[in-house]
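My questions are about this predicted structure, shown below with the sequence.
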Amino acid sequence: MKIARIKAIAKKEIFHVVRDPFTLALALLLPVMMVTIFGLAIEFNVQNIKIAVYDGDQTQSSRKLIDTLASSGYFLIDSFPTQFAAIHQVDAESDRAALMIEPEFEHHLWSDRGARAQLVLDGADNSTVGSVVGYFTAMQDLATHKILGSPITTPVEVKTRFLFNPELNSRWFVVPGLLVVVVGILSILLTSLTVAREYENGSMELLLSTPVEPIEIILGKLAPYVGLGLSAVVFVYIIARVFFHVPFLGSHFTLILGCVLFLSTYLAQGLLISVTTRKQQVAMQIAMMSGLLPSILLSGFIFAIESMPLFFRGLTAALPARWFMVICRDTFLKGSSLYALRYSFLALLLICTVMVVIASKKFKRDVEP
């Protein structure tokens, strides 16, 4: 193996990237688009919940309850004169919930019978029902304290403290995971096109007719995409730290080592797709299905792996994105050491080794029938 040959092939591949508008746009615009869309659009904290309110009591106590909801910052109050009108707002999907305060609410509040109000929720959107109920329960306790003028006493007092993300900031959870999505899809998509392009253009036969070893072709063709992948890592890291103010508590060495392993795995997977399909359009479709979808849906990026069915939990163990997701988030938010993440690194190393071996053997079989 000669370094000069690898450099020559890498230089040729760089020229391909620079001259190809599609590849260049994909390499430069995809990270920007994905960070912008996912970083700004995904928000797990439900806000601006529209709630239709029917106040059948019209007393100071009922108004305090409504004012407490309005001043919380979570609810947007729409007042209606009848229960039917309030329920109709939920049926028409104009409001998420309807609150109906019964007549004599204040009278029952100060009596032994206790005051009653009904909260009707739109159960079709079950992703937000839990958050709405949680917010309303907290505001209900606060309103009771305001109305009665005395603190609520319970036999057991439980205080909640959130570690690693005290404010439950969704962007602290989402943005580190973007390293997995951006690097994964960028590396597998661009690499899957590289060899397929050579076969389609007929230049692969010319390349194979020269005294160049297969390993030299592999290293030369993958070198530019290693640089693009690491550039994407730096880009997402800067965006996370500067614009989204995500803390970084771990070791940069641990993060870089995980990036190299993950990048090597997806580059090998992209090479395997490229050698197998030999068609750019087919390679792109397979790369999107095997790279983008698992990185978003089965890596824990949005959906918790623990909540998945047993089959899919087992399937995620074979996906490099699942283990790199743990490395990224724990390094950023928890400051986990290399030893604490040893199982994730071992799993990623095993998958990387298997993928590189398969891709290398498949490539050798093609060039040395």
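Now that the structure is in, tell me what you want to look at.

Where do the domain boundaries of the chain fall?
3-42+168-367, 49-148 (automatic domain parsing).

any chance of the ones you listed in CSV, plus mean neighbour count and distance to residue 162?
All C-beta spots, glycine's among them, are computed from the backbone N, C-alpha and C. As requested, the domains of the chain are exported to CSV (neighbours: other CB atoms under 10 Å; distance: least, CB to CB, whole Å):
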stretch, mean neighbour count, distance to residue 162
domain 3-42+168-367, 18, 6
domain 49-148, 16, 14
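
next structured bit after the least confident helix or strand in the chain by mean pLDDT?
Here the helix or strand of the chain ranked lowest by mean pLDDT, DSSP states H and E is helix 203-208, holding a mean of 66. Per DSSP states H and E, the first helix or strand lying C-terminal to helix 203-208 is helix 214-238.

after that following helix comes which helix or strand?
For helix 214-238, the following helix or strand on the C-terminal side (DSSP H and E) is helix 252-277.

in the stretch 201-350 of the chain, which ranges drop under the pLDDT threshold?
Scanning the stretch 201-350 of the chain for pLDDT under 70 picks out 202-212, 214.

Look up how far residue 190 lies from residue 315.
Distance, residue 315 to residue 190, using CB to CB, to the nearest Å: 25 Å.

swap that for residue 251, please
In terms of CB to CB, residue 251 sits 28 Å off from residue 190.

Then residue 238?
Counting by CB to CB - residue 238 and residue 190 are separated by 21 Å.

sorry, back to before: got JSON lines for the domains of the chain, with distance to residue 161 too?
Converted to JSON lines, the domains of the chain look like this (distance: least, CB to CB, whole Å):
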{"stretch": "domain 3-42+168-367", "distance to residue 161": "11"}
{"stretch": "domain 49-148", "distance to residue 161": "16"}
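
Secondary structure class of residue 347, three-state.
helix (DSSP: H, G, I helix; E, B strand; the rest coil).

Also the one 3 residues further on?
Local secondary structure at residue 350 is given as helix here, using three-state DSSP.

Hmm, residue 221 and residue 6 touching each other?
No - look at residue 6 against residue 221 with CB atoms under 8 Å: they stay out of range, at 9.4 Å.

does residue 78 really touch residue 55, like I thought?
No - using CB under 8 Å, residue 78 is not in contact with residue 55; the gap is 11.8 Å.

most remote residue from this protein's center?
residue 111 (50.4 Å; CA atoms, centre = their mean).

Tell me if I am right that that one is in a strand.
No - secondary structure assignment (three-state DSSP) places residue 111 in coil, not in a strand.

by contact count, what packs against the longest helix along the chain?
When the chain is parsed with DSSP state H, its longest helix is helix 170-201. Counting contacts by 3 or more CB pairs under 8 Å, 6 or more residues apart in numbering; DSSP states H and E, helix 170-201 is packed against helix 3-19, helix 21-41, helix 203-208, helix 214-238, helix 252-277, helix 280-287, helix 293-297, helix 320-329.

at 7 Å what do you get?
helix 21-41, helix 214-238, helix 252-277, helix 280-287, helix 293-297, helix 320-329 (3 or more CB pairs under 7 Å, 6 or more residues apart in numbering; DSSP states H and E).

could these be laid out in JSON lines, adding distance to residue 118?
Listed next are the helices and strands packed on helix 170-201 as JSON lines, based on distance: least, CB to CB, whole Å:
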{"stretch": "helix 21-41", "distance to residue 118": "34"}
{"stretch": "helix 214-238", "distance to residue 118": "47"}
{"stretch": "helix 252-277", "distance to residue 118": "51"}
{"stretch": "helix 280-287", "distance to residue 118": "51"}
{"stretch": "helix 293-297", "distance to residue 118": "38"}
{"stretch": "helix 320-329", "distance to residue 118": "41"}
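
if I look at the nearest residue to residue 318 once chain neighbours are set aside, how far off is residue 299?
Leaving aside its sequence neighbours, residue 318 sits nearest to residue 351 (CB to CB, 6 or more residues apart in numbering; 6.9 Å). Counting by CB to CB, the gap from residue 351 to residue 299 is 13 Å.

And residue 257, by the same measure?
According to CB to CB, residue 257 and residue 299 sit 19 Å apart.

And for residue 123?
Using CB to CB, residue 123 is found at 29 Å from residue 299.

can you give me the helices for the stretch 51-200 of the chain?
In the stretch 51-200 of the chain, the helices defined using DSSP state H, counting those that start in this stretch lie at 60-70, 83-91, 105-109, 126-148, 170-201.

Output stretch 229-238 in PDB with nothing but the alpha carbons.
Extracted in PDB, the C-alpha atoms of stretch 229-238 (Å, rounded to 0.1, in the frame of the first residue of the first chain):
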ATOM      1  CA  GLY A 229     -18.100  14.000   8.700                       C
ATOM      2  CA  LEU A 230     -15.700  15.500  11.200                       C
ATOM      3  CA  SER A 231     -16.600  19.000   9.800                       C
ATOM      4  CA  ALA A 232     -20.200  18.200  10.500                       C
ATOM      5  CA  VAL A 233     -19.300  17.200  14.100                       C
ATOM      6  CA  VAL A 234     -17.500  20.500  14.600                       C
ATOM      7  CA  PHE A 235     -20.500  22.400  13.100                       C
ATOM      8  CA  VAL A 236     -23.100  20.800  15.300                       C
ATOM      9  CA  TYR A 237     -20.900  21.100  18.400                       C
ATOM     10  CA  ILE A 238     -20.500  24.900  17.800                       C
END
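
what's stretch 345-352 in contact with?
Contacts to stretch 345-352, defined as CB atoms under 7 Å, 6 or more residues apart in numbering, come from residues 258, 261, 262, 264, 265, 318, 320, 323, 324, 338.
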